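A.B. asks: Following is a predicted model, sequence given first.
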Amino acid sequence: MPTGQDDPALETLLLPFASGRLEWPRAGALFLRARTGPALAAQPRPGLVCEQSFRPELDALRRAGFEVRAPGEDRYPLVLLLPPRQREEARALYAQALARVSDGGTVVASQANDEGAKSGEADLARIAGQVTSLSKHKCRVFWARPGGGDAALAAQWRALDAPRPVVGGRFLSRPGVFAWDRIDAASALLAAHLPPTLAGHGADLGAGYGFLAAEVLQRCPGVTALDLYEAEKRALDLAVDNLAVQADRVALGFHWHDVAAGLPRQYDFIVSNPPFHAGGRAPRPDIGRRFIAAAAQSLRPGGALWLVANRQLPYEQALGAGFGEVRIVAQRQGFKVVEARRACAIRGRGP
């Protein structure tokens, strides 16, 4: 996701208000998938309530002083949204916006042109009726006062966000979660090379809907506790359901947490398929490097990080800085599996 310093979609979202085409309502507004930035902070936004399921963006909103609430059912005269690229997820969000807008209110959305803005505008028109749009910054903002759209279709689209069985019924998932309807090839490669000797208290960084954690528990009988860290709450909620069958055998922890901010405790081992994008298409190797640094700081001496990544991602320096021993375990299909081990503590002799 954009960092807030360069966010054309957010700037374009607020264009109708800056140009006088729309007025900010006195009764406040709801911002779905909200994120902060200079454009949002440029003017007072009285009564603005934000909802955000991605922890780094939620934390940034709170630091900027915006009110952030858990998802609810309250209705507002204005609903803003920044739709995601995944179309089923976006359609569910449009339908949610219509359910949360007051009678006579306005729904306003903004998307980059190369992220599906034209399709998004057409989708909103199908369930809301007539849409008005403006373009700027290679983005499109479009808005509607709902009326005349297909209400039955809107109800169908709201259900698109509901968890559903995937991978032959082994897991529950939902559109928009990473690799939501399949087993990611990189995670599968890592799982195939995990040693059965992993034991003790471990962690899965960037756990998604829980595939890798489930594989750890299935393949490594010596694991006594496992903590899952995931920044996207929509994914973490799925992981809770997907690992419920293991809850009586192993102590499980589920943490809605930004791994880049560090981890709260020490671990015997860590597994991770770190993200290398943040909402856009540009690679973000800095995220993986922060995952590696967090793992290095949170492993006990002698503990191991088992990591999978695209082969071309430049993680070698970060691995070398944080670990005493690093080896490539496997390379296949453009991915590499790495074992990185913390150096054991060396006891010094007395004087």
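C.D. replies: Cool, got the structure. Remember, it's a predicted structure, so these values are computed and weren't measured experimentally.

A.B. asks: Could you tell me the phi and psi values at the residue nearest the centre of the chain?
C.D. replies: With distances taken as Cα atoms, centre = their mean, the chain has E232 as the residue nearest its mean C-alpha position (3.6 Å). Dihedral angles of E232 (phi, psi; degrees, to the nearest 10) stand at phi -100, psi 110.

A.B. asks: so what's it closest to, chain neighbours aside?
C.D. replies: Leaving aside its sequence neighbours, E232 sits nearest to F54 (Cβ to Cβ, 6 or more residues apart in numbering; 5.5 Å). All C-beta atoms are positioned from the backbone trio N, CA, C, and that covers glycine.

A.B. asks: Hmm, L212 is touching S187, no?
C.D. replies: Yes - look at L212 against S187 with Cβ atoms under 8 Å: they come within range, at 5.1 Å.

A.B. asks: between the two, who's got more neighbours?
C.D. replies: Remark: of L212 and S187, L212 carries more neighbours, 28 against 21, as counted by other Cβ atoms under 10 Å.

A.B. asks: which ones are touching the more buried one?
C.D. replies: By Cβ atoms under 8 Å, 6 or more residues apart in numbering, the contact set of L212 is 187, 190-191, 204, 271, 273.

A.B. asks: same deal with A109?
C.D. replies: Taking Cβ under 8 Å, 6+ apart, we find A109 in contact with 13, 80-83, 94, 97, 120-121, 124, 141-143.

A.B. asks: Please list the strands that the host helix or strand of it pairs with in its sheet, giving the direction of each pairing.
C.D. replies: For A109, the host element (DSSP states H and E) is strand 101-112. With DSSP bridges as the test, strand 101-112 is paired with strand 76-81 (parallel), strand 139-144 (antiparallel).

A.B. asks: P56 touches A260, doesn't it?
C.D. replies: Yes - between P56 and A260 there is a contact under Cβ under 8 Å: 7.3 Å.

A.B. asks: mind showing which ranges of the stretch 51-200 of the chain have poor pLDDT?
C.D. replies: Across the stretch 51-200 of the chain, no stretch falls below the confidence threshold (pLDDT under 70).

A.B. asks: got the residue ranges for the strands in it?
C.D. replies: In the stretch 51-200 of the chain, the strands defined using DSSP state E, counting those that start in this stretch lie at 67-68, 76-81, 101-112, 132-136, 139-144, 164-166, 171-173, 199-205.

A.B. asks: quick revisit: nearest to G302, of the strands paired with strand 101-112?
C.D. replies: strand 76-81 (47.8 Å; Cβ to Cβ).

A.B. asks: how far does that closest one sit from the chain's center?
C.D. replies: Centroid separation for strand 76-81 versus its chain: 22 Å, with Cα atoms, centre = their mean, to the nearest Å.

A.B. asks: Stretch 130-141 too?
C.D. replies: With Cα atoms, centre = their mean, you get 26 Å for stretch 130-141.

A.B. asks: List the buried residues of that stretch.
C.D. replies: Across stretch 130-141, burial judged by 16 or more other Cβ atoms under 10 Å covers 131, 133, 137, 139-141.

A.B. asks: One more: stretch 31-47?
C.D. replies: By 16+ other Cβ under 10 Å, the buried positions in stretch 31-47 come out as 31-37, 39-40, 45, 47.

A.B. asks: residue contacts, P46?
C.D. replies: Taking Cβ under 8 Å, 6+ apart, we find P46 in contact with 24, 26, 28.

A.B. asks: In contact with R45: list those residues for me.
C.D. replies: Going by Cβ under 8 Å, 6+ apart, R45 touches 24, 29, 66.

A.B. asks: circling back to that earlier point, when you check the buried residues of stretch 31-47 against the strands, which ones overlap?
C.D. replies: Per DSSP state E, strands hold the following members of the buried residues of stretch 31-47: 31-32.

A.B. asks: if we can go back for a sec, need the residues touching each of L212 and S187.
C.D. replies: Counting by Cβ under 8 Å, 6+ apart, the shared contacts of L212 and S187 are N273.

A.B. asks: So what would you say the end-to-end distance of stretch 187-200 is?
C.D. replies: Taking Cα to Cα, to the nearest Å, stretch 187-200 runs 21 Å from one end to the other.

A.B. asks: Please read the previous query as pertaining to stretch 245-256.
C.D. replies: Chord length of stretch 245-256, first to last residue, is 20 Å (Cα to Cα).
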